[in-house]
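Novice: Requesting a structural model of the entry that follows:
(2 chains)
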Amino acid sequence: MANQIDPGLLSQFAIARTSRRRFLGGSAAAAAALALGGATLAACGSNDSGSTASSSAPADDGSPASGTLRVSNWPLYMADGFVAAFQKATGITVDYKEDFNDNEEWFAKNKEPLSRKQDIGADLAVPTTFMATRLHSLGWLNEISESAWSNKKNLRPDLLEADVDPGRKFSAPYMSGLVGIAYNRAATGRDIKTIDDIWDPKFKGKVSLFSDAQDGLGMLMLSQGGSVTQPTTEAIQKAADLVKEQKDKGQIRRFTGNDYADDLAAGNIAIAQAYSGDVVQLQADNPDLQFIVPESGGTTFVDTMVIPYTTQNQKAAEAWINYIYDRPNYAKLIAHTQYVPVLSDMTAELDKIDPKLGSNPLINPPKETLDKVKGWAPLTDEQTQEYNTIYAAVTGG
Amino acid sequence: MAGVASSSRQRSRIAPYLMILPALAYLAVFFVVPFFSLARTSLSSSGGSVFMPKLTFAWDFGNYTDAFSLYQDQILRSFGYAFVATILCLLLAFPLAYVIAFKAGRYKNLLLGLVILPFFVTFLIRTLAWKTILADDGWVVDLLGTMGALPSEGRLLSTSWAVIGGLTYNWIIFMILPLYVSLEKIDPRLLEASRDLYSPNRRTFGKVILPLALPGVLAGSMLVFIPSVGDFINADYLGSTQTTMIGNVIQKQFLVVKDYPAAAALSLGLMALILVGVLLYTRALGTEDLV
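Specialist: Numbers count the residues shown, from 1 in each chain, chains lettered A, B, ... in the order given. Next comes the predicted model:
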């Protein structure tokens, strides 16, 4: 088959590849956004977009998908040869861009054109669930047509019926993963099991936390008896206070995006809040790295494919989603990204690529791990803003 | 003949204005308009929907007082780091520019080329490279550790010194080049004259070289200081949670918290502070001639 990838080659890539959401371009993009910020600010208030349901997809005239599809995805979140295989199978030309670096920054840059319904240069993007929900509530997403998405049946039932989008009308999960703790066993000299272990004075200046409020505070709230399924301002504040206390002590070296991986690999950081797939990738280089979900619990994230209402090619975007939801195709993606599949019953397909994949506890988490992780409740805009503000005051601006 | 002469004189009177027109248009579009937009935003209050807020102009000076009381640590730190980095740049760049201008002979252009060469590599990559060099497990830290010369944190990366070092390294070229230009303009016969009059080297430096190089010192220190104050890349990559600068705060306010009035107030306030500093500095050095 033309789109078959040599498994040996795949495992090589798994070793050479760097982490998923590598941050390199992020700050440069931020600099550009700052430079442009002044000019666009004046327009900020001019549009009062109401909260409406997503626009429905354009009427189907029965013709097959064709033309060009512009995909905007996170860096290193794709398998080699995958885009070419899709192009070959469908005849659609794909303009694949790895320009999705950070949810909030992406939103800051695209909200103006979206509010005016202007093209943002992407027909499909891959925001994390909370951002997909926000885009939906602003009325900026198209629905994904059921008829063009026959492989939807392969989606994990828990994701299909998720509160954030019951029945998955506007968001198609792409990858899911665990937010936990990664540590370098050689540097810590002992196993890390709980949140309290992170605050051991022995690791002063060797700890990194996520700067994102949900990913950073979630597991701390759980360890303090708080809840992420029913978050409260008090619980958020309590967790943020803990971070502030540890920051002032010099325990926390950095607040990171996805750039913790470099420091962890280089030995500058001994313990980091981390995403599961990144760590599986890093373990190939450094077997001392471990990933755990703290005893008090961790959180999960789901990145989803969405079609902005400014899309120029709705059908091709749907064809892309449907292609990814085919199990053999999806297995190739997982072999590359090493995250937790969003499709059910993937073990057999994964084992065909590499027998070790299906049994990897971070790709196929055992029940005791899944019991410990919680997904964030869908937050209102006011909650998201409040939590971001509380945590930003601690992460030092 | 007279007609021709007057028309050419007329043309020469208009020509300078025509020549600055593109630059003026550029400044108007990319500075003046954004500046007023920013000023307007900084005095607005936001309301309505959270993520598509409506900004209403309200002479809201509270944005300034709130932002500055909340982030005074970062502002002071930014000015402190930028100040130290500027001094370091000056101390490092002066001897180098002096050698290139007076002692390099036919290697002058080669040396200047070498000074500029690293800047062909992007800012981001050069800064990230320092992370590798200063890594906790790296040989630099090992070496300094055995010499007992490490800062109190017991590391180099993620300390104030790494951030100041990064600023110095990234902006030093803007010190070297203006210094070189003003030193290169000095007539060597003045130095000879000074020596003929039995002036010791130290005195020649203080009485002849330094005063003549002052325009370069002034230009260089402003070119280093101003971008350093607002820099956020160095603090982001080389710093820790204790070394955040005001640039990091503004970036976060714009892109994460999306409190545009606060971010705009910080940006404009910073601009005003820098302007005051620069005016005082120019007055102190007492030079009209900037380069």
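Novice: helix or strand for residue 228, which one?
Specialist: In the absence of a named chain, this looks at chain A. Applying DSSP states H and E as the criterion places A:Val228 outside every helix and strand.
Novice: hmm, I had chain B in mind actually
Specialist: helix B:210-230.
Novice: Ok, B:Ser199 next?
Specialist: Using DSSP H and E, B:Ser199 falls outside every helix and strand.
Novice: What is the neighbour count of the nearest residue to it once chain neighbours are set aside?
Specialist: Across the structure, with Cβ to Cβ, 6 or more residues apart in numbering or on different chains as the measure, the residue nearest B:Ser199 apart from its sequence neighbours is B:Lys207 (6.9 Å). Using the backbone N, CA and C atoms, a C-beta is placed for each residue, glycine as well. Using other Cβ atoms under 10 Å in any protein chain shown, B:Lys207 has 12 other residues around it.
Novice: before we move on, what about the one 5 residues further on?
Specialist: B:Leu212 is flanked by 16 other residues according to other Cβ under 10 Å.
Novice: and it, what is it in contact with?
Specialist: B:Ser182, B:Leu183, B:Lys185, B:Ile186, B:Leu190 (Cβ atoms under 8 Å, 6 or more residues apart in numbering or on different chains).
Novice: Try it again at 10 Å.
Specialist: Contact criterion Cβ atoms under 10 Å, 6 or more residues apart in numbering or on different chains gives B:Ser182, B:Leu183, B:Lys185, B:Ile186, B:Asp187, B:Leu190, B:Leu191 as the residues in contact with B:Leu212.
Novice: ok, so of those, who is nearest chain A?
Specialist: Of all these, the one sitting nearest chain A is B:Ser182; the distance, using Cβ to the nearest Cβ, is 30.2 Å.
Novice: correct me, but that closest one touches B:Gly216?
Specialist: Yes: contact between B:Ser182 and B:Gly216 holds when scored by Cβ atoms under 10 Å: they sit 3.1 Å apart.
Novice: which of those two has more neighbours?
Specialist: Set side by side, B:Ser182 and B:Gly216 show more neighbours around B:Gly216, with 26 against 22, by other Cβ under 10 Å.
Novice: quick one: B:Ser194 from A:Asp248, how far?
Specialist: As defined by Cβ to Cβ, to the nearest Å, B:Ser194 lies at a distance of 56 Å from A:Asp248.
Novice: who has more neighbours, these two?
Specialist: For B:Ser194 against A:Asp248, the residue with the higher neighbour count under other Cβ under 10 Å is B:Ser194, and the figures read 18 against 12.
Novice: what's the more buried one sitting at in phi/psi?
Specialist: Its backbone dihedrals place B:Ser194 at phi -60, psi -40, with angles given as degrees, to the nearest 10.
Novice: how about the nearest residue to it, chain neighbours excluded?
Specialist: Counting by Cβ to Cβ, 6+ apart, the residue nearest B:Ser194 is B:Thr204, at 4.4 Å.
Novice: where's that neighbour, which helix or strand?
Specialist: Counting by DSSP H and E, the element that carries B:Thr204 is helix B:201-204.
Novice: A:Gln214 now?
Specialist: When elements are defined using DSSP H and E, A:Gln214 is found to belong to helix A:213-223.
Novice: does any bit of that helix sit next to chain B?
Specialist: Yes: counting by Cβ under 10 Å from any Cβ of the partner chain, chain B is contacted by helix A:213-223 at A:Ala213.
Novice: Quick one: work out the angle between the helix or strand that that helix is followed by and helix A:213-223.
Specialist: Per DSSP H and E, helix A:213-223 leads on to helix A:233-248 as the next helix or strand towards the C-terminus. Here helix A:233-248 points in a direction 100 degrees away from that of helix A:213-223 (axes from the mean of the first three to the mean of the last three Cα atoms, to 10 degrees).
Novice: Quickly list the domain ranges of the chain.
Specialist: Answering for chain A, as no chain was given. A:7-36+A:65-175+A:302-368, A:177-300+A:382-394 (automatic domain parsing).
Novice: my question was about chain B
Specialist: For chain B, whose domains are defined here by automatic domain parsing, the residue ranges read B:16-60, B:70-285.
Novice: Quick one: those domains as JSON lines, columns for mean pLDDT and distance to A:Gln281 too.
Specialist: Formatted as JSON lines, the domains of chain B follow (pLDDT from 0 to 100; distance: least, Cβ to Cβ, whole Å):
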{"stretch": "domain B:16-60", "mean pLDDT": "90", "distance to A:Gln281": "33"}
{"stretch": "domain B:70-285", "mean pLDDT": "92", "distance to A:Gln281": "19"}
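Novice: right, so those domains: which one is the most enclosed?
Specialist: Here the criterion is mean neighbour count by mean count of other Cβ atoms under 10 Å in any protein chain shown, and of those the winner is domain B:70-285, at a mean of 18.
Novice: From start to finish, how long is that domain in a straight line?
Specialist: With Cα to Cα, to the nearest Å as the measure, the first residue of domain B:70-285 is 34 Å from its last.
Novice: quick one: the helices in the stretch 251-397 of chain A?
Specialist: In the stretch 251-397 of chain A, the segments counted as helices under DSSP state H, counting those that start in this stretch are A:260-266, A:276-283, A:314-324, A:327-337, A:347-353, A:355-359, A:367-372, A:381-394.
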